[in-house]
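A.B. asks: I'd like to go over a predicted model; first the sequence, then the structure.
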Amino acid sequence: MSAAEFFAMGGYGFYVWGSFGVTLLLMVVEPMLLKGRRRAIQKRIARMARAKVGER
Amino acid sequence: MSSRIVNWFKFSSPATFYPLAGRMIPWFTAAAVILLGVGLYMSFFVAPTDYKQGEGYRIIFVHVGTAWMSMFIYVVMAAWAGLGLVFNTRVSAMMATALAPTGAMFTFVALWTGALWGKPMWGTWWVWDARLTSELILLFLYLGFIALQSAIDEPRRADRAGAILALVGVVNIPIIYYSVQWWNTLHQGATVSVSQGSSMGTVMLWTMLIMTLGFWAYAIAVVLARVRCIILERERDTTWVNELEGGVR
């Protein structure tokens, strides 16, 4: 089976790759969004901690 | 017996659950990568071409697993929400909140892959049949839960309101599951059923199960990562969070 044949998926290429592609995309985006959320809250906590030290 | 109960409640405290969740994430991430890697390989290179649907049927390997996850995550979410409501444990409610976006994501993927499978096989992206409509309602339940919780400023009240919505919505799950039996639907009946076993080839069945386990591991890893964010956000004023993440001792 050639690569072109493989990607054509017997004429169902758009549907098959559209399904697997979007699923994979979302499963990459979700952890990335969470990384960002984690960094944001960590920064905020560090900032608050520094502010507290400054008060002393 | 009583010591076991005490042990369980120990993990209902955010301060003890937070590091535990952190230790579990790498294992579930590794499991997800391996299982989905093997599952994808089997989906395209091991599973044979279907005699009726050609290569188009391969959508089944994402569609069925994600559809199962969409229902399963909802039940788990409602269970955590219910536990939070009954025992007033903070971590339970946070788990419910953390599960909702991932559940919504899997519901969307199930609908999306279903549409992409329906178009070439049924000739339509969408029909208002019982299975498809109840799955769409599931998506709205997830989105409603998220919207309701984010509309209430006070976290504990948001937890309770969300829990009631989640618990009422559970009624939709058996409707989705049995819709193909109760109504005459365009959607086909269950390929794998609890009572009748499987009606598909062994290799296809294994591929589907491995993909599903991969989605499962992914969901656990992502939800634990999200619950850790939620814990930090809600407990940011506590001493333990400051000692752990404040960078100041």
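C.D. replies: Nice, thanks for sending it over.

A.B. asks: up against chain B, what does chain A have?
C.D. replies: Residues of chain A lying close to chain B by Cβ under 8 Å from any Cβ of the partner chain are A:6, A:9-12, A:14-16, A:18-20, A:22-23, A:26-27, A:30-31, A:34, A:37-38, A:41-42, A:44-46, A:48-50, A:52-53. For every residue, glycine as well, the C-beta is placed using N, CA and C.

A.B. asks: same question for stretch B:72-87, mean pLDDT?
C.D. replies: The average of the pLDDT scores along stretch B:72-87 is 96.

A.B. asks: alpha carbons of it, as CSV, please.
C.D. replies: Extracted as CSV, the C-alpha positions of stretch B:72-87 are listed here (Å, rounded to 0.1, in the frame of the first residue of the first chain):
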residue,chain,number,x,y,z
PHE,B,72,-18.9,7.6,31.9
ILE,B,73,-17.3,10.9,32.9
TYR,B,74,-20.8,12.3,33.4
VAL,B,75,-21.7,9.6,35.9
VAL,B,76,-18.4,10.0,37.7
MET,B,77,-18.9,13.8,37.8
ALA,B,78,-22.4,13.4,39.2
ALA,B,79,-21.1,10.9,41.8
TRP,B,80,-18.3,13.3,43.0
ALA,B,81,-20.8,16.1,43.0
GLY,B,82,-23.3,14.0,45.1
LEU,B,83,-20.5,13.0,47.5
GLY,B,84,-19.6,16.7,47.9
LEU,B,85,-23.2,17.5,48.6
VAL,B,86,-23.7,14.8,51.2
PHE,B,87,-20.3,14.9,53.0
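
A.B. asks: how distant is that stretch from the center of its chain?
C.D. replies: 12 Å (Cα atoms, centre = their mean, to the nearest Å).

A.B. asks: now B:M94, what's its secondary structure?
C.D. replies: Of the three states, B:M94 takes helix according to DSSP: H, G, I helix; E, B strand; the rest coil.

A.B. asks: once you drop chain neighbours, what's closest to it?
C.D. replies: Leaving out its chain neighbours, the residue that sits closest to B:M94 by Cβ to Cβ, 6 or more residues apart in numbering or on different chains is B:I230, at 4.8 Å.

A.B. asks: so who does the one you found touch?
C.D. replies: Listed by Cβ atoms under 8 Å, 6 or more residues apart in numbering or on different chains, the contact set of B:I230 reads B:M94, B:T97, B:A98.

A.B. asks: just give me how far the helix or strand hosting B:F145 sits from the chain centre.
C.D. replies: Following DSSP states H and E, one finds B:F145 within helix B:130-151. Averaging C-alpha positions (Cα atoms, centre = their mean) puts helix B:130-151 13 Å from its chain's average.

A.B. asks: so, low pLDDT: which residues of the chain?
C.D. replies: In the absence of a named chain, chain A is used. Residues of chain A that meet the criterion pLDDT under 70 lie in A:56.

A.B. asks: actually chain B
C.D. replies: B:1-10, B:193-199, B:247-249.

A.B. asks: now with 50, please.
C.D. replies: Residues of chain B meeting the criterion pLDDT under 50: B:1, B:249.

A.B. asks: which parts of it sit against chain A?
C.D. replies: Residues of chain B lying close to chain A (Cβ under 8 Å from any Cβ) are B:40, B:43-44, B:49, B:54-56, B:58-59, B:62-63, B:66, B:101-102, B:105, B:108-109, B:112-113, B:116-117, B:119-120, B:218, B:221-222, B:225-226, B:228-229, B:232-233, B:236-237, B:241-242, B:245-248.

A.B. asks: at 6 Å instead, please
C.D. replies: Applying Cβ under 6 Å from any Cβ of the partner chain, we find that chain B lies next to chain A at B:54-56, B:58-59, B:62, B:105, B:109, B:112-113, B:116, B:120, B:222, B:225-226, B:229, B:232-233, B:236, B:242, B:245-248.

A.B. asks: restricted to buried residues, select those residues in PyMOL.
C.D. replies: Buried residues within these, by 16 or more other Cβ atoms under 10 Å in any protein chain shown, are selected in PyMOL with:
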select buried, chain B and resi 55+56+58+59+62+105+109+112+113+116+120+222+225+226+229+232+233+236+242+245+246
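
A.B. asks: and the longest helix for chain A?
C.D. replies: In terms of residue count, the longest helix belonging to chain A (DSSP state H) is helix A:13-55.

A.B. asks: and the helix or strand containing B:R160 with helix B:130-151, angle?
C.D. replies: Assigned by DSSP H and E, B:R160 belongs to helix B:155-169. Going by axes from the mean of the first three to the mean of the last three Cα atoms, to 10 degrees, helix B:155-169 is angled at 170 degrees with respect to helix B:130-151.

A.B. asks: could you point out the helix or strand that follows the helix or strand where B:L40 lies?
C.D. replies: B:L40 belongs to helix B:14-41 when assigned by DSSP H and E. As assigned by DSSP H and E, the chain's next helix or strand after helix B:14-41 is helix B:60-87.
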